[in-house]
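Colleague: This is a predicted model, with the sequence first.
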Amino acid sequence: MFATFHHHPPKNRGQNWCELDLTAFQAVQKCLDEFRPDVIIHTAANSNLDECEKNPQAAEKINVAATEFLAQAAEALGARFIFVSSDMVFDGKTGFYAESDPVSPLAVYGKNKTDAEN
Ligand SMILES: NC(=O)c1ccc[n+]([C@@H]2O[C@H](COP(=O)([O-])OP(=O)(O)OC[C@H]3O[C@@H](n4cnc5c(N)ncnc54)[C@H](OP(=O)(O)O)[C@@H]3O)[C@@H](O)[C@H]2O)c1
């Protein structure tokens, strides 16, 4: 197993952790080429709603572009890709949504997650 962090290294990290900015696609590709994972679990995001509204371009880069890059890299590797979306893809008017319900995001973050799902 191999894991990455960006700004905040985990406490008691072992040798299988490395610092990686997932928007630095060349470095991400180098890492994937080296480790050739069978499964990629992508949990990184900018999930701070205010930050996403203030800097939508940066939010799009990590929330959408990095996800797309990883999904395509996983396909090229033949690896399973697991992505974490958000209930913010819905507008919250009704609640108790099913995954199959139509999306209707209101905020940049929810729109990013919708684009990343697509
Ligand atoms: N928490 C919730 O209630 C909730 C609900 C629905 C969906 N989600 C989704 O579940 C996932 C995990 O949520 P969470 O609450 O654990 O989020 P979080 O605490 O905000 O953690 C996000 C992680 O993404 C990393 N990250 C951000 N930008 C990065 C970059 N450019 N390169 C590499 N890593 C980067 C951060 O690393 P550093 O800290 O090292 O910078 C951070 O550890 C996210 O996709 C989120 O959208 C969360």
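Modeller: Thanks, I have it. The shown structure was predicted, so the numbers you read here are calculated from the model rather than taken from an experiment. Numbers count the residues shown, from 1 in each chain.

Colleague: Do a quick rundown of the strands in this structure.
Modeller: Taking DSSP state E as the criterion, the chain contains strands spanning 3-5, 17-19, 39-42, 80-83.

Colleague: from the chain's centre, how far out does the second one sit?
Modeller: What that stands for is strand 17-19. Taking the mean C-alpha point of strand 17-19 and that of its whole chain, the gap between them comes to 16 Å (Cα atoms, centre = their mean, to the nearest Å).

Colleague: quick check: mean pLDDT across that strand?
Modeller: Computed over strand 17-19, the mean pLDDT rounds to 89.

Colleague: go on, stretch 103-118?
Modeller: 97.

Colleague: Show me what it is in contact with.
Modeller: The list of residues contacting stretch 103-118 from outside it, by Cβ atoms under 8 Å, 6 or more residues apart in numbering, reads 45-49, 52-53, 56, 59-60, 63-64, 67-68, 83, 85-86, 88-93. (C-beta placed from N, C-alpha, C; glycine too.)

Colleague: Just confirm residue 28 contacts residue 69, I think it does.
Modeller: Yes: Residue 28 sits in contact with residue 69 when judged by Cβ atoms under 8 Å, with a separation of 6.6 Å.

Colleague: rewinding a little: can you put the strands of the chain in TSV and add mean neighbour count and distance to residue 103?
Modeller: Rendered in TSV, the data for the strands of the chain read as follows (neighbours: other Cβ atoms under 10 Å; distance: least, Cβ to Cβ, whole Å):
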stretch	mean neighbour count	distance to residue 103
strand 3-5	13	28
strand 17-19	14	33
strand 39-42	15	19
strand 80-83	14	15
